[in-house]
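Q: Build me a model:
(chains A and B)
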Amino acid sequence: AQSVAQPEDQVNVAEGNPLTVKCTYSVSGNPYLFWYVQYPNRGLQFLLKYITGDNLVKGSYGFEAEFNKSQTSFHLKKPSALVSDSALYFCAVRDWGTGGFKTIFGAGTRLFVKA
Amino acid sequence: GAGVSQSPRYKVAKRGQDVALRCDPISGHVSLFWYQQALGQGPEFLTYFQNEAQLDKSGLPSDRFFAERPEGSVSTLKIQRTQQEDSAVYLCASSLGSGDQETQYFGPGTRLLVL
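A: As a prediction, the model looks like this:
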């Protein structure tokens, strides 16, 4: 079975400070990992993904995430937060090793960036 | 270019009524996903199509839920005899394929309210 945990319902950070949004996962096989963002009154938008290769993945809007197999984590990071980064962030995983197509999403973490 | 579109955007149904939700994926996208998103939660996988083939329907909550994609493009999610617990936002997403092509592009969703 596969699962995703986002342990923080909410993250607060001051503009200009680094931000981290945490994600851990559990799969039987091998993971494809994703981060999506949902702005108010807008649909889910893709930020970045880990499929294979370099553990550090860079994505849209200056975000990056590091795949850590030993800790089964895929934390989202940004060196300097902007007020416009305030949104709802979802981590997702698909266990491609088992051959299924189900993508599992976490419950989401709301990011507030204060000016 | 055109993104994923869904219709209707809002649907109010009386308990016991049948509803049909439509998804127009991005042209040329092989993969199509349906999700159910309850208020304050992450999207929950319902079903997956590769072209016209429904390869994974493990997330459909009951036999009242049925999805089809007969020509490998437009998809319809049908809910029969709706119940109040079916109230949610139904999201459709499409992607070019799997692996490196697995980025899902989401539609705006259909908000279903069952009274």
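
Q: list the contacts for the residue of chain B positioned farthest from its centre?
A: Residue farthest from the centre of chain B, counting by CA atoms, centre = their mean, is B:Asp100 at 22.6 Å. Going by CB atoms under 8 Å, 6 or more residues apart in numbering or on different chains, B:Asp100 touches A:Ile51. For the C-beta atoms, the positions are set from N, CA and C on the backbone; glycine is no exception.

Q: Which part of chain B gets nearest to chain A, residue-wise?
A: When scored by CB to the nearest CB, chain B has B:Gly42 as its residue closest to chain A, at 3.6 Å.

Q: ok, that residue touching A:Ala107?
A: Yes: the pair B:Gly42 and A:Ala107 qualifies as a contact (CB atoms under 8 Å) at a distance of 5.0 Å.

Q: neighbour-wise, which of those two wins?
A: B:Gly42 (21 against 15; other CB atoms under 10 Å in any protein chain shown).

Q: Share the number of residues neighbouring the nearest residue to the more buried one once chain neighbours are set aside, please.
A: Of all residues not flanking B:Gly42 in the chain, A:Phe105 sits nearest, at 3.6 Å (CB to CB, 6 or more residues apart in numbering or on different chains). Using other CB under 10 Å, A:Phe105 has 21 other residues around it.

Q: Could you do A:Trp35 as well?
A: With other CB under 10 Å as criterion, A:Trp35 counts 26.

Q: List the strands paired with the host helix or strand of it, with their directions.
A: Secondary structure assignment for A:Trp35, by DSSP states H and E: strand A:31-38. Counting by DSSP bridges, the strands paired with strand A:31-38 are strand A:44-50 (antiparallel), strand A:87-95 (antiparallel).

Q: mind putting the ones you listed in CSV, mean neighbour count and mean pLDDT included?
A: Putting the strands paired with strand A:31-38 into CSV (neighbours: other CB atoms under 10 Å in any protein chain shown; pLDDT from 0 to 100) gives the following:
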stretch, mean neighbour count, mean pLDDT
strand A:44-50, 20, 94
strand A:87-95, 23, 95
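
Q: Ok, which of the ones you listed comes nearest A:Asn30?
A: strand A:87-95 (7.1 Å; CB to CB).

Q: Name the next helix or strand downstream of that closest one, please.
A: strand A:103-105.

Q: any idea how far that next one is from the chain center?
A: Relative to its chain's centre, strand A:103-105 lies at 12 Å (CA atoms, centre = their mean, to the nearest Å).

Q: Not counting its own residues, what contacts the following helix or strand past it?
A: Per DSSP H and E, the first helix or strand lying C-terminal to strand A:103-105 is strand A:109-114. Applying CB under 8 Å, 6+ apart, the contact partners of strand A:109-114 are A:6, A:8-15, A:19, A:21-22, A:81-90.

Q: Dig out what the residue of chain A found nearest chain B forms beta bridges with.
A: Nearest residue of chain A to chain B (CB to the nearest CB) works out as A:Phe105 at 3.6 Å. Applying DSSP bridges to A:Phe105 gives these bridge partners: A:Ala92.

Q: The one 4 residues further on now?
A: Taking DSSP bridges, one finds A:Tyr89 as the beta-bridge partners of A:Thr109.
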